[in-house]
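Model the following, please.
(6 chains)
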There are 6 protein chains.
Amino acid sequence: MGITKFDVLSLGEILLRLSPPQNERIVREDNFEKQVGGAELNVLSGASLLGLRTGIISKIPDNDIGIYARNKIRFVGVSDEYLVYDKMKNGRLGIYYYENGAYPRKPRIVYDRMHTSMLKISTEEFGDEIYSSARCFHTTGITLALCENTRKTAVNMMKKFKEAGALISFDVNYRSNLWSGPEARTAIEEILSYVDIFFCSEDTARLTFKKTGDIKTIMRELADEYSIHVVASTQRVVHSPRLHTFGSIIYDKLNDAYLEEPPYVNIEVIDRIGSGDAYISGVLYGLLSNDGSCRKALEFGNAAGAVKNTIPGDMQASSCEEIETVIKAHQNTGADAEMVR
Amino acid sequence: MGITKFDVLSLGEILLRLSPPQNERIVREDNFEKQVGGAELNVLSGASLLGLRTGIISKIPDNDIGIYARNKIRFVGVSDEYLVYDKMKNGRLGIYYYENGAYPRKPRIVYDRMHTSMLKISTEEFGDEIYSSARCFHTTGITLALCENTRKTAVNMMKKFKEAGALISFDVNYRSNLWSGPEARTAIEEILSYVDIFFCSEDTARLTFKKTGDIKTIMRELADEYSIHVVASTQRVVHSPRLHTFGSIIYDKLNDAYLEEPPYVNIEVIDRIGSGDAYISGVLYGLLSNDGSCRKALEFGNAAGAVKNTIPGDMQASSCEEIETVIKAHQNTGADAEMVR
Amino acid sequence: MGITKFDVLSLGEILLRLSPPQNERIVREDNFEKQVGGAELNVLSGASLLGLRTGIISKIPDNDIGIYARNKIRFVGVSDEYLVYDKMKNGRLGIYYYENGAYPRKPRIVYDRMHTSMLKISTEEFGDEIYSSARCFHTTGITLALCENTRKTAVNMMKKFKEAGALISFDVNYRSNLWSGPEARTAIEEILSYVDIFFCSEDTARLTFKKTGDIKTIMRELADEYSIHVVASTQRVVHSPRLHTFGSIIYDKLNDAYLEEPPYVNIEVIDRIGSGDAYISGVLYGLLSNDGSCRKALEFGNAAGAVKNTIPGDMQASSCEEIETVIKAHQNTGADAEMVR
Amino acid sequence: MGITKFDVLSLGEILLRLSPPQNERIVREDNFEKQVGGAELNVLSGASLLGLRTGIISKIPDNDIGIYARNKIRFVGVSDEYLVYDKMKNGRLGIYYYENGAYPRKPRIVYDRMHTSMLKISTEEFGDEIYSSARCFHTTGITLALCENTRKTAVNMMKKFKEAGALISFDVNYRSNLWSGPEARTAIEEILSYVDIFFCSEDTARLTFKKTGDIKTIMRELADEYSIHVVASTQRVVHSPRLHTFGSIIYDKLNDAYLEEPPYVNIEVIDRIGSGDAYISGVLYGLLSNDGSCRKALEFGNAAGAVKNTIPGDMQASSCEEIETVIKAHQNTGADAEMVR
Amino acid sequence: MGITKFDVLSLGEILLRLSPPQNERIVREDNFEKQVGGAELNVLSGASLLGLRTGIISKIPDNDIGIYARNKIRFVGVSDEYLVYDKMKNGRLGIYYYENGAYPRKPRIVYDRMHTSMLKISTEEFGDEIYSSARCFHTTGITLALCENTRKTAVNMMKKFKEAGALISFDVNYRSNLWSGPEARTAIEEILSYVDIFFCSEDTARLTFKKTGDIKTIMRELADEYSIHVVASTQRVVHSPRLHTFGSIIYDKLNDAYLEEPPYVNIEVIDRIGSGDAYISGVLYGLLSNDGSCRKALEFGNAAGAVKNTIPGDMQASSCEEIETVIKAHQNTGADAEMVR
Amino acid sequence: MGITKFDVLSLGEILLRLSPPQNERIVREDNFEKQVGGAELNVLSGASLLGLRTGIISKIPDNDIGIYARNKIRFVGVSDEYLVYDKMKNGRLGIYYYENGAYPRKPRIVYDRMHTSMLKISTEEFGDEIYSSARCFHTTGITLALCENTRKTAVNMMKKFKEAGALISFDVNYRSNLWSGPEARTAIEEILSYVDIFFCSEDTARLTFKKTGDIKTIMRELADEYSIHVVASTQRVVHSPRLHTFGSIIYDKLNDAYLEEPPYVNIEVIDRIGSGDAYISGVLYGLLSNDGSCRKALEFGNAAGAVKNTIPGDMQASSCEEIETVIKAHQNTGADAEMVR
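Here you go, the predicted model:
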């Protein structure tokens, strides 16, 4: 593979997130904190912080809200070169409202993400040079689920990036409010043969893909069936909205090996949104910066996923150096300082 | 007229308004102040503060954002008895983003108000007793412009309220981003014969209704042509985003009289949104609480409109007592205290 | 019982609560968060959110602080129809200052609640129709303790509501800064024969009423002695200011039955003020909406009480739907989603 | 005069001020900014910033609110050596709520200042050494008006300080909500013979003291009648809540001279509360630091009063150096920099 | 000139700015708003918003504060490609504290900008390709004044960029706290022969360069003496800290023409810092995007400079479209909408 | 010992601390909370709150930032009598940036504390009367480490205070970013013979002083070797950034006794900075207010240290009364109220 401009490009919708501060409630609080998110963007911003060169492929409205999103994307070091603008008056950015929980009160999400500019995105808006500009192309089930048009665009891009030699990364990220299990299964099975790196939770594997047996068996089956190089599955335990345990298993098909390490336990959760995406950013960094090392993928994925839970907003905010410090502390090698000075 | 439950009912869309604090900009600020507004609701909340019994007729999503709007409506003393809920997953409240200006920077608005729950409202959702429950029914050109369905609902309600003996109040409130001038003209001319109290700015009268001559002549022509009792027209001068002058003329058809007073000059504008609606609330209060006195309508309208400019958010926040103090100070009768203690 | 306008009316003082944000201290922080509370209002707002029609009977000053309180009462869906205004210059709303704790620092309260407008409330300010307008009348020991006048008003109202067929609910809510144990005992024993639903903690039963034996025995004794239908006693364990366990026992005299369920453990406490009041709101909802079911009373009471601890301010903020979700998760029936989407 | 510990001691009540941020309204905003004020304390804090050694004589509750006030008093460099604590449970600090205005909306004040700890202050709480510890004793008509007890304490202290050789400074500061004009006149005429420096506005001189003629004549009359050395009268023009003009006249009895300078015009008012007190602080500084120079008193008084209008809260916040810069810019001597670097 | 990667590169120090919110004072407020600024960066961010491709050449510490600055630079669309990092433990970003004024209180600045990472910057840290990557190189007198090392680096870069065909833009930006007038004169006269676009205020021309005569004469003299293509001089009138008038004169040597337009009067100033830099960004945009049109330079410079005064923080925040709207309104061509919808 | 003006004087640097609110990150948050700290000042403010008369000996810049620090010092009741001002333009207060952690993310500190005004402090700036004005002089290893000049000043003051009869208290407070272990050892061993009360953690004793054996043996060895009266060593267990255990051991040389009590476990940490300093303030209070009682020192030290962890900012904020309540609850004597009312 020659030298490409980007390590990872990703197709996905950008959302505006509005949250009441602290522990306040949407139904009564008069202020919102404003953030930008979206599963694919979250992955890219995390990967960018770790050191990968990333860019988002998306469509946003050409108004002040769109410009705010673009500014934030730049802020986190993700390229906006393939961001296209919807000039129509009815262009809009999807919104979701998020409220923190505390046991026994659960976090709450309200979606207002229909009729968005992203739904009009098309491969015609991008020149062919895009496909040879990245080492890896990532997208998720959300992009497939949004509408027929985004699904076609995603499938089309997967094919073209694959042909151009990029690795294809795909996260199922099943959302029952966007499509049904059978719809998801049909659409995803159609694209699995393009996929090199596959992210799928145990629950989704069972409920959506109707797999049975233990999770390791399922992972190997999926890898075999669709010739997938790497299958990764996170393991989260939600003790309470403010206390989680987070870890994962990665299956390395080439070596027919399962990679595991002790999970991060008793994570002090500030905001769990985007921790799965942060995990993926860590895995992609581990693979792409270390000659495909699944061990590094596991370590960086788990650490990035765990630490994201302590960061407000959708996106990771840890540099590679900080994640390496977290990994070292987790592996407990050498003296562990209480603070980073 | 017997004793009704409400003084004013109004059909209109409720919007969520999101604004960066103070002088910050949408494109870069990370916090939004969250407020509820909408031309008709603004009129009602202002009228309620002055002492009228009011209620909103509207449709909102049955989610946390809808509940927030309902809570705020209750907060300002407007009845939510005729608020109906959209149970569909895709229900949404329209949003607009507002940013303050300062000379030479103008205020900015971004609308995201399509596909809202309000568009699905229907007269069938309300029992017939609604039509005899109010002394006055108010709506605006915005409701006519939203979609065919809201237009039909509005026209239908106008007729039924009129039949039941209510006064019909209508504010043109022309918004070029919702419809064209000719569309507005056609739709409004169709309903003008039901209207008793008509609010129309000089600009709109000229540009939309193609009236010529001085503003007083135009007002009388409109009153004569459609048998309208009261025609009111505000006169605003925008010296800068933070300095306005505000006044109005009212034409009283019964007495063939024009009512005027010196405008409020050098208003220290904090937030000009909703000042036209506050004006209407003052006019309606003046008419409905004083046996149709156009003099009281003028005084309360001008004072409520002027003072709203000094209040953050869409809605008036002055009690009747405070407005009376403002009127007295404006008329300069007796000693004028520097503060209200 | 015919159809009444309200499910619950309650006589009680409304207080302004001022708290430094987050973990800041009163002695040094320059900002206060402003909230409205009061034991009886807290019960009503919680009951209103669950779906009961409620109204507060109280007296507040006719100034901006009183109006703020009224607006907030409307916001939470409690009727202000029986709110009367103190027009005197010296009218005031009682205040309390509250500061959060964190182990080993305890929460702190400073009271400034003397000489308030509420102390002047009188039954003469209300027409007789009030007594037949509610299914249930609730008040607390605080109202008895405030002053001779509020005590007389409370006793008088209890009698009249009882005569008119309403259920009488009473919460001891012993506050040592308002009166002594013997004073409380004397005053409460005088009114217990009117009471149908009695809330009393184990500590208070022992220390104030000098009861001995296990809590269940005490509850039955109280019910027998004063012909009380329902006796409820909360069981709170304060592990630390930020970690509580909360549950209760209810004694159902009719069936001579004790209702219990496992408590909510390891509640992530944000603000514990008002959780006892939220419990009562749940109990009253359970009883009044389910034909006097003590089982429902227990479930809703425990859930509402537990979840209130996670909400800033004095008042509950959970809808009936949310409380039902909490109950289901607590009973662990079916799959438990991590979030409410 | 020997070397005393303090330049100015002042007897006065300390108030807690609570204000909604910016242009928000008390009746709806959920946050308060918390400040400490009180006419006498404002004078002292201003004088302390200018360089005088000052101390407050007052009584505050021994609770967290009292401690907050004490901490703030220390913050502004005023000694708390003569602050006494009310250990009673019912001790309280008076409160006032303040809301900014913007034309045509006036600022609003709500008082909640009865039954405070200050009302119980007594000369017995202070040793006799206090009277010889200051060059100047200052108090105001507010202290006389609060209650019989504070009036007696104030009069008693005036006499004792006078005997010990201190200058007596008195500001009428007439508040119609505390007492009537005739009450004020009687009480003040009783103490005027002790007064050396007298602050009285033209309005008060006319309405309360029933003086007629031009203001200069009135000032000389007062000085002659009661042997007052210095009579100062501020001249404020309120163009709008956000635009004032401020100046003053000082009568110097010894030289039978009137001191004047052009007023500060078009002051950009942020918060006008306490500007009169700041004026007094400037006058006292001018007199006490410059051998009784009425010219310096005028310059520092006008500058301190004018500049206070631009400072949020009750208290001055300008150092002597900053006031001198303001004076120089006002006198327009030499080049005037746009900023203080 | 071939196609370069950047339109403007600029060498300059990046500063952290800390300001109390609104009208609060540094000496007492407990919160700071944190912003990034610096004369050269301000120019670049403004130019970037207008549409130029810009990049900053600077040195920042490799710690969290440095990373914050980098993130903000990305946010405003300025390339960080030539940002180098100081890995030393003692690396630091210069700080300045800024406080708003209101008449008669002046704005205040406190500098803490010594010993910064920028002082260690060297041309050796950049490859030679940098010199051919831009159409224009901009720097200011501040960079010359910081220390001997930055001066040498700046002069060196000017020469190399000039040789590579770039236009050299220079802003005197005289700061008396960094160097004396004669020092400035000597250093600047040394580099003026490289300069193509020269920004110099009238005051500086007179006081530092000892020029006499009217400003137009001075501008032509400077252009002639040093073969400067464009000389621009802003004309600001500070009516009060919150009310300015802003305009400029540009001398076009090629056409021996002076370009002028009526100034922007009564600007409602929110934050005047950086308005001079915004002016330069407008001038550079006008020149570089319009084939060197001095007319466009004047219009964009004046509008960008005027409108910056209404934006909090150091940096411009207006898009090209918004500035064009401001220009049109200023030229009063066609109907002028009150808002940007 | 005669009656001195102060109980404790301390020589130490004052730092400005800037922290993003709550759980936000320095690299992206736009607001800072501003606080004042410094190991020695923290000790003094804690001791002052407990009731000791304290004063800081330090040098700060004579600008707005210095004045802010002085105001805050006054606020916490520490005398600024021995605060001297650096009038040089380059005077500065050192800064540190602090960010909270949450497991697995650690707290972060960035220092910007070089070239500060404190480095220029000299004994010549203080008159000789300072040495007889205090019962105890306290300083730390930080002051020794800052620079040669501060080290000399500290050693000089230790000697002079010792000669004048004051107790000398010293806290090692080893900071690896200020000096190396051997440097620290050399400098501290030089002054240990002056020290009466010595604070040293077990880690430092082992790593810096190369002591071996159990902690108690080490403490006795140090006391014996240098004739130290009291050696105190804190024992902190960091379970996570938000959960600590805190206790200590004190060695009483006179009685050859070790004082211990059960540690405070599961402290709910809000901000751990300054908890070690708060411990020292408690120990000094215990010793100085109780005739050198090491038992009281232990109790007050542990409680003050533990409770500081729950307070935002560097400094203690608990009165003596509150600490006594904490001690009682810890010793579990008598009923334990949930709140402080």
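
any idea which helix or strand comes after the worst-scoring helix or strand of chain A on mean pLDDT?
Least confident helix or strand, chain A: helix A:202-207 with a mean of 90, by mean pLDDT, DSSP states H and E. Using DSSP states H and E, the helix or strand that follows helix A:202-207 in sequence is helix A:215-226.

Tell me the helix or strand right after that following helix.
strand A:230-240.

Name the residues of that following strand that come out as buried.
A:Val230, A:Val231, A:Ala232, A:Ser233, A:Thr234, A:Arg236, A:Val238 (16 or more other C-beta atoms under 10 Å in any protein chain shown). Where C-beta positions appear, they are placed from N, C-alpha and C, glycine not excepted.

got it, and stretch A:41-51?
Buried residues in stretch A:41-51 (16+ other C-beta under 10 Å): A:Leu41, A:Asn42, A:Val43, A:Leu44, A:Ser45, A:Gly46, A:Ala47, A:Ser48, A:Leu49, A:Leu50.

picking up where we left off before, what is the least confident helix or strand of chain A packed up against?
For helix A:202-207, the elements it packs on are helix A:215-226, strand A:230-240, judged by 3 or more C-beta pairs under 8 Å, 6 or more residues apart in numbering or on different chains; DSSP states H and E.

So what touches that helix?
With contacts defined as C-beta atoms under 8 Å, 6 or more residues apart in numbering or on different chains, helix A:202-207 is touched by A:Val172, A:Tyr174, A:Gly181, A:Lys211, A:Thr212, A:Ile215, A:Ile218, A:Met219, A:Leu222, A:Ser233, A:Gln235.

Quickly note the distance from the last one to D:Ala223.
Taking C-beta to C-beta, to the nearest Å as the measure, A:Gln235 falls 88 Å from D:Ala223.

coming back round to it: out of the buried residues of stretch A:41-51, which comes closest to chain C?
The closest of the buried residues of stretch A:41-51 to chain C turns out to be A:Asn42 (C-beta to the nearest C-beta; 16.4 Å).

The closest one: what's it in contact with?
A:Gly274, A:Asp277, A:Ala278, A:Ser281, A:Asp314, A:Met315, A:Gln316.

how much space between it and A:Leu284?
12 Å.

Residues of the stretch 201-341 of chain A that sit close to chain B?
Applying C-beta under 8 Å from any C-beta of the partner chain, one finds that the stretch 201-341 of chain A does not approach chain B at all.

Where does pLDDT dip in the stretch 201-341 of chain A?
Within the stretch 201-341 of chain A, the stretches with pLDDT under 70 are A:333-336.

Please give the element, helix or strand, for the residue in the stretch 151-300 of chain A that chain E sits nearest to.
Proximity of the stretch 151-300 of chain A to chain E (C-beta to the nearest C-beta) peaks at A:Ser281, 17.0 Å away. Assessed by DSSP H and E, A:Ser281 sits inside helix A:275-289.

how about the strands of chain A, start to end?
For chain A, the strands defined by DSSP state E cover A:6-11, A:15-19, A:31-37, A:54-61, A:83-86, A:94-99, A:108-112, A:134-140, A:167-171, A:197-199, A:230-240, A:243-252, A:257-259, A:264-268.

Just send the ones you listed back as TSV, with distance to B:Asp64 too.
Below are the strands of chain A laid out as TSV (distance: least, C-beta to C-beta, whole Å):
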stretch	distance to B:Asp64
strand A:6-11	30
strand A:15-19	11
strand A:31-37	12
strand A:54-61	24
strand A:83-86	27
strand A:94-99	7
strand A:108-112	5
strand A:134-140	26
strand A:167-171	27
strand A:197-199	30
strand A:230-240	21
strand A:243-252	24
strand A:257-259	41
strand A:264-268	26
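
if we compare these, which one ends up closest to E:Asp7?
Each of the strands of chain A has some distance to E:Asp7 by C-beta to C-beta; the shortest is strand A:83-86, at 20.3 Å.

Against which helices or strands is the closest one packed?
strand A:54-61, helix A:64-75.

Which of these has the highest mean neighbour count?
strand A:54-61 (a mean of 26; mean count of other C-beta atoms under 10 Å in any protein chain shown).

Please determine whether that one lies in contact with chain E.
No: Strand A:54-61 is not in contact with chain E by C-beta under 8 Å from any C-beta; minimum separation 12.9 Å.

Which single one of the buried residues of stretch A:41-51 is nearest to F:Gly66?
A:Leu49 (37.3 Å).

if I pick A:Glu322, what's in contact with it?
Per C-beta under 8 Å, 6+ apart, neighbours of A:Glu322: A:Val307, A:Val340, F:Arg105.

among these, which are within reach of chain C?
Counting by C-beta under 8 Å from any C-beta, no member of the contacts of A:Glu322 is near chain C.

Quick one, which of those are buried?
If we count by 16+ other C-beta under 10 Å, the contacts of A:Glu322 have these buried: A:Val307, A:Val340, F:Arg105.

Among those residues, which are located in helices?
Among those, the members found in helices (DSSP state H) are A:Val307.

List just the nearest of the buried ones among the contacts of A:Glu322 to chain D.
Nearest to chain D among the buried ones among the contacts of A:Glu322, with distances taken as C-beta to the nearest C-beta, is F:Arg105, at 29.7 Å.

wait, doesn't that closest one sit right on A:Lys308?
No: assessed by C-beta atoms under 8 Å, F:Arg105 is found out of contact with A:Lys308, at 9.2 Å.

okay, now A:Ser132: neighbour count?
16 (other C-beta atoms under 10 Å in any protein chain shown).

Could you report the pLDDT at it?
Per-residue confidence (pLDDT) for A:Ser132: 97.

Kindly report the same for A:Gln22.
The model's pLDDT for A:Gln22 equals 92.

Within range of chain F, give me the residues from the stretch 201-341 of chain A.
Residues of the stretch 201-341 of chain A lying near chain F (C-beta under 8 Å from any C-beta): A:264, A:266-270, A:303, A:306-307, A:310-312, A:317-318, A:322, A:325-326, A:329-330, A:337-341.

how does it look with 6 Å?
A:264, A:268, A:270, A:306-307, A:310, A:312, A:317, A:326, A:338-341 (C-beta under 6 Å from any C-beta of the partner chain).

What's the PyMOL syntax to select whichever of the residues you listed are buried?
To isolate the buried ones among these in PyMOL, judged by 16+ other C-beta under 10 Å, type:
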select buried, chain A and resi 264+268+270+306+307+310+312+317+326+340
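
Name the nearest residue to the residue in the stretch 1-150 of chain A that chain D sits nearest to, sequence neighbours excluded.
Nearest residue of the stretch 1-150 of chain A to chain D, counting by C-beta to the nearest C-beta: A:Asp30, 6.6 Å away. Of all residues not flanking A:Asp30 in the chain, B:Lys34 sits nearest, at 5.4 Å (C-beta to C-beta, 6 or more residues apart in numbering or on different chains).

wait, the one you found sits on A:Glu29?
No: contact status for B:Lys34 versus A:Glu29: not in contact, 7.3 Å apart, counting by C-beta atoms under 6 Å.

Distance of A:Ser293 relative to A:Asn255?
Distance from A:Ser293 to A:Asn255, by C-beta to C-beta: 11 Å.

Pull the number of nearby residues for the nearest residue in space to A:Gln235 that is not next to it in sequence.
In space, A:Gln235 comes closest to A:Gly247 once its chain neighbours are excluded; the distance is 4.9 Å by C-beta to C-beta, 6+ apart. With neighbours defined by other C-beta under 10 Å, the count for A:Gly247 comes to 20.

Verify the stated contact: A:Gly247 with A:Pro263.
Yes: with contact defined as C-beta under 6 Å, A:Gly247 counts as touching A:Pro263 (2.7 Å).

so what's the residue nearest to A:Glu125 when sequence neighbours are not counted bridging to?
The shortest distance from A:Glu125 to any non-neighbouring residue, by C-beta to C-beta, 6+ apart, is to A:Val84 (4.8 Å). According to DSSP bridges, A:Lys59 are recorded as the beta-bridge partners of A:Val84.

buried stuff in the least confident helix or strand of chain A?
Result for helix A:202-207 [16+ other C-beta under 10 Å]: buried residues A:Glu202, A:Thr204, A:Ala205, A:Leu207.

any idea how far chain C is from A:Val326?
Distance of A:Val326 to chain C, given as C-beta to the nearest C-beta, to the nearest Å: 23 Å.
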